[in-house]
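Undergrad: what would the 3D arrangement of this be:
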Amino acid sequence: GPPVFLHAVVQRTGWSVALVSAAVTLHFLCGTLIVANLPRLYRRWGVPAVTLAGAVALALGVSGWARAAAPWQLYAAALFSGMGWVTLGAAAVNALISPWFVKRRPAALGMAYNGASVGGIVFSPLWVFLIAGYGFAQAAWWVGAAMVLVIAALARNVFAVTPQQLGQHPDGVPPDAPAQAASAALARVPRLWRDRAFVSLGAGMALGLFAQIGLIAHLLSLLAPLLGEQTAGIAMGLATASAIAGRSLVGWLMPASADRRLVSCLSYGAQIGGSLVLMLAVEHTWAVWVGVLLFGAGIGNATSLPPLIAQTEFAREDALRVVPLIVAMSQGAYAFAPTVFGVLRTLSGN
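TA: Residues are numbered from 1 along each chain as shown. Predicted coordinates for the structure are as follows:
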């Protein structure tokens with residue numbers, strides 16, 4: 001959504017790229033506060049209620065992006081969209097998967113994250129089509145209503161069910177294994193901040209996503225002058241399709257004994273290569289498609305590999321808290337990426 005929203009708001013209002021980029025930054029920053037406290041929210045209200053409330057907040061926020069007539073209204077909308085989005089994001093998906101999968105979590109988590117990627121394939125071009133044909137406000141109403149209805153059904157019929165309710169247990173865990181108390185994970189937080197593995201994992205995820213989110217937030221508006229809005233929307237969908245392929249290959253083919261940090265480095269290497277190829281796009285149209293494919297191949301792995309690294313490097317009770325913390329750290333960092341990239345574009349005249 002945000003890359004399309006940024007372009008649509010700039011086109012509708014004539015506001016500067018830097019001003020609208022700041023709203024994207026606020027969107028991510030607001031979400032950081034929520035994602036860091038997701039375990040507490042889940043314990044207090046339950047996963048189904050938190051997820052549905054987040055979907056409603058996201059729908060309201062996107063509607064605000066579409067209707068904002070003044071910058072302060074745009075920033076108010078960003079608060080709602082930011083709070084809602086993270087309840088459906090990486091940390092939330094990991095929380096939904098964890099009770100069910102241990103041994104096969106890489107494949108399960110990759111498949112679950114691919115759901116979000118399918119949304120990217122469908123909705124990047126669909127947003128562009130709906131906005132062009134019916135206006136941003138109408139498109140936001142339709143998509144928001146559909147999202148809330150679907151999430152409400154899932155929250156009631158899927159998210160509310162646990163393995164224990166069905167007399168089952170997670171794969172790879174003996175039926176008589178003791179339950180892990182969430183409070184044990186909270187007690188280990190002070191020690192985690194002095195743990196080199198935790199700090200390096202969080203810093204690596206934050207730096208990688210800063211570069212990735214910064215480019216993604218502006219990619220549509222950079223490609224539109226070269227390809228046209230509809231074709232640029234297709235290119236965004238292609239990046240997401242490439243993300244599905246890259247994440248699926250890692251999830252299914254990565255050996256259990258593999259160094260997951262090394263796999264992550266290889267994924268980032270593909271993205272660096274794609275970014276370099278994209279620099280040739282002004283003169284060579286083929287570079288757009290090759291660059292998008294290479295860059296997209298690592299998009300999914302940037303969010304799915306860090307939780308898998310945490311699974312192997314930390315005890316299970318620690319990992320329950322490590323994942324929301326590294327997601328919050330990375331989101332707090334990459335929240336500034338759209339604004340930084342927007343300022344650089346403004347200064348360079350792009």
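
Undergrad: residues contacting Ala36?
TA: By C-beta atoms under 8 Å, 6 or more residues apart in numbering, Ala36 lies in contact with Pro324, Leu325, Ala328. C-betas here are computed from N, CA, C, even on glycine.

Undergrad: where's the last one relative to Ser200, distance?
TA: Right, Ala328. Ala328 sits 16 Å away from Ser200, taking C-beta to C-beta, to the nearest Å as the criterion.

Undergrad: hang on, the earlier thing: among the contacts of Ala36, which one has the most neighbours?
TA: Most neighbours among these, by other C-beta atoms under 10 Å: Pro324, with 25 neighbours.

Undergrad: so that residue sits against Arg40, correct?
TA: No. Using C-beta atoms under 8 Å, Pro324 is not in contact with Arg40; the gap is 9.5 Å.

Undergrad: wait, isn't Leu215 in contact with Val340?
TA: No. Applying C-beta under 8 Å as the test, Leu215 and Val340 come out as separate, 11.1 Å apart.

Undergrad: which of the two has more neighbours?
TA: Taking other C-beta under 10 Å, Leu215 and Val340 do not tie; Leu215 has more neighbours (21 against 15).

Undergrad: flag the shaky bits of this structure, pLDDT-wise.
TA: The model of the chain has pLDDT under 70 over residues 120, 172-190, 350.

Undergrad: longest helix of the chain?
TA: helix 196-227 (DSSP state H).

Undergrad: okay, buried residues for it please.
TA: Buried positions in helix 196-227, judged by neighbour count with 16 or more other C-beta atoms under 10 Å: 198, 201-202, 204-206, 208-224, 227.

Undergrad: now swap in stretch 49-59 and tell me
TA: Those would be Val50, Thr51, Leu52, Ala53, Gly54, Ala55, Val56, Ala57, Leu58, Ala59, for stretch 49-59 by 16+ other C-beta under 10 Å.

Undergrad: give me the subset of those lying in helices.
TA: If you go by DSSP H, the buried residues of stretch 49-59 have Val50, Thr51, Leu52, Ala53, Gly54, Ala55, Val56, Ala57, Leu58, Ala59 in helices.

Undergrad: closest one to Val288 out of the residues you listed, please.
TA: Comparing those against Val288 with C-beta to C-beta places Leu58 closest, at 30.0 Å.

Undergrad: which strand or helix spans the closest residue to that closest one other than its chain neighbours?
TA: Leaving aside its sequence neighbours, Leu58 sits nearest to Gly84 (C-beta to C-beta, 6 or more residues apart in numbering; 2.9 Å). Using DSSP states H and E, Gly84 maps to helix 71-85.

Undergrad: remind me what that helix packs against, helices and strands.
TA: helix 17-35, helix 47-67 (3 or more C-beta pairs under 8 Å, 6 or more residues apart in numbering; DSSP states H and E).

Undergrad: let's go with 10 Å and repeat that
TA: helix 2-13, helix 17-35, helix 47-67, helix 136-154 (3 or more C-beta pairs under 10 Å, 6 or more residues apart in numbering; DSSP states H and E).

Undergrad: closest to Trp286 out of those?
TA: Closest among the helices and strands packed on helix 71-85, using C-beta to C-beta: helix 2-13, at 21.9 Å.
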